[in-house]
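[1] Next input, structure requested:
(one chain, ligands or ions: 1)
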Amino acid sequence: MIFTVAIDGPAAAGKGTVSRAVADHFGFRHLDTGLLYRAVGARMLAGEDAVAAAEALSPDDLRSPDLRTQDVAAAASRVAVVPEVRAALVAFQRGFARSEGGAVLDGRDIGTVICPEAEAKLYVTASPEIRAERRFAELVARGAEVTLAGVLEDVLARDARDMGRAEAPLRAAGDATLIDTSDMAVEDAVAAAIAAVEVRRSGRG
Ligand code: CDP
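    Just a heads-up that it's a prediction; the model follows:
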């Protein structure tokens, strides 16, 4: 059985939580594609050429605990504008998406570029202020020294870069189901996502 769920949206909108819950619910595999760009960004910060790093990326690179910092997030969105970096990561993502047993991929361009044929597409978003508050709480819980204003600035800068780039810009696919989580509890966002995928699975959508 081949079934791809594409989940796109801006930074800290809740894609990760929703994607993991959808994958668990349906028994699908899950790939957080942001980690690929974060791993390339981390290697660039360590002095490597971004394209060479993307071409040489290995599963071990994705296991580093340091990929969740704000510096690495900013580096990820900088390397993500480089067409050769994106090209180096396409085959792996497509292979994962079409692997047997069902797959959930979350990112920025899954429903538009990586997997336009995905059986189910979601676009998960929330206001920049709410997203900044969520990311701030996450970072503080992890012991990072950040301010809410600084995190909001990072979120807005990353939105501008992700939506404004020429190659695979962040946007909702025409056939994606929009889920705005600004006023939703986590469990409501998860329930809405599962319901939207269920409609496509049963051929009702
Ligand atoms: O977790 P968060 O939403 O903050 O970020 P992420 O999903 O880990 O992605 C980090 C950065 O990688 C994004 O700001 C994008 O610039 C880039 N990215 C991308 O260009 N395409 C993807 N499919 C996934 C991430």
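[2] Is Glu167 in a helix, a strand, or coil?
    coil (DSSP: H, G, I helix; E, B strand; the rest coil).
[3] who's in contact with it?
    81-83, 86 (Cβ atoms under 8 Å, 6 or more residues apart in numbering). In short, each C-beta sits where N, CA and C put it, glycine included.
[4] rerun that using 10 Å as the cut-off
    Glu167 makes contacts with 80-87, 109, 113, as judged by Cβ atoms under 10 Å, 6 or more residues apart in numbering.
[5] same deal with Ala144?
    Ala144 makes contact with 68-70, 136, 138, 151 under the criterion Cβ under 10 Å, 6+ apart.
[6] Would you mind marking which of the residues you listed are also close to the ligand?
    For the ligand, no contacts are drawn from the contacts of Ala144 by Cβ under 6 Å from any ligand atom.
[7] Selecting buried members of those in ChimeraX, what would you type?
    To isolate the buried ones among the contacts of Ala144 in ChimeraX, judged by 16 or more other Cβ atoms under 10 Å, type:
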select :69,70,136,151
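[8] how about the helices of this structure, start to end?
    Ranges of helices in the chain, per DSSP state H, are 15-26, 34-45, 50-55, 70-79, 83-97, 128-141, 148-164, 186-201.
[9] thinking again about what came up before, put together CSV for the contacts of Glu167, with pLDDT on each row.
    Listed next are the contacts of Glu167 as CSV, based on pLDDT from 0 to 100:
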residue, pLDDT
Ala80, 97
Val81, 96
Val82, 97
Pro83, 97
Glu84, 98
Val85, 98
Arg86, 98
Ala87, 98
Asp109, 98
Val113, 98
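[10] From those, pick out the ones that also neighbour the ligand.
    80, 109.
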